[in-house]
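*Asks:* Starting from these lines, generate the structure:
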Amino acid sequence: MHNASLSDLYSTFPHLLQILPFDHLLAFIIISRHLKQRIAMGSSCLLIGPPASLTRSVHGFICRCLLLDHEVAKMCWLSFRNFIWETSNMVGQAEVYLELFIEHGREFEIGTSHLLICRRSSLMVI
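*Replies:* This next block holds a predicted model:
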């Protein structure tokens, strides 16, 4: 993860520090990155960059996984969507969230196939 960039974002959006613990914010970013393809499929095909909002299923999934209030999740997406869209997850991050995808994914039609695992220079899908 780009720690300098993330700390810059935190200083830009200090109100999120008061609302959301750092580990929840980090999980929001990582899970959103894994769902980028799903998020993009739910928005206009003419869109360049991240959509203005998450799809209903992705939003619900993230709220359920992280026990977030809907408004907090919306605020996180609006604050960090460009950062999420422009960066990638690192090796090992998918395994940390696998259980959440298994536990909560079915309800939101999100499966482990949406969880990309980074391996050196290639991507594998579970």
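
*Asks:* In the longest helix along the chain, which residues are buried?
*Replies:* Using DSSP state H to define each element, the chain has its longest helix at helix 70-86. The neighbour-count check on helix 70-86 (16 or more other Cβ atoms under 10 Å) flags 72-73, 75-77, 79-81, 83-85 as buried. For glycine as for every other residue, the C-beta is placed from the backbone atoms N, C-alpha and C.

*Asks:* out of those, which one sits closest to Phe108?
*Replies:* Top of the list for closeness to Phe108, among these and by Cβ to Cβ, is Ala73 at 13.0 Å.

*Asks:* Could I get the contacting residues of that closest one?
*Replies:* 28, 54, 59, 62-63, 66 (Cβ atoms under 8 Å, 6 or more residues apart in numbering).

*Asks:* any idea which helix or strand carries Leu26?
*Replies:* helix 22-34 (DSSP states H and E).

*Asks:* how about the CA coordinates for that helix, as CSV?
*Replies:* What follows is helix 22-34, C-alpha atoms only, in CSV (Å, rounded to 0.1, in the frame of the first residue of the first chain):
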residue,chain,number,x,y,z
PHE,A,22,-7.7,2.9,10.9
ASP,A,23,-8.1,-0.9,10.4
HIS,A,24,-11.7,-0.4,9.2
LEU,A,25,-10.6,2.3,6.7
LEU,A,26,-7.8,0.0,5.5
ALA,A,27,-10.2,-2.9,5.1
PHE,A,28,-12.7,-0.6,3.2
ILE,A,29,-9.9,0.3,0.8
ILE,A,30,-8.6,-3.2,0.3
ILE,A,31,-12.1,-4.8,-0.1
SER,A,32,-13.1,-2.0,-2.5
ARG,A,33,-10.0,-2.6,-4.6
HIS,A,34,-10.9,-6.3,-4.9
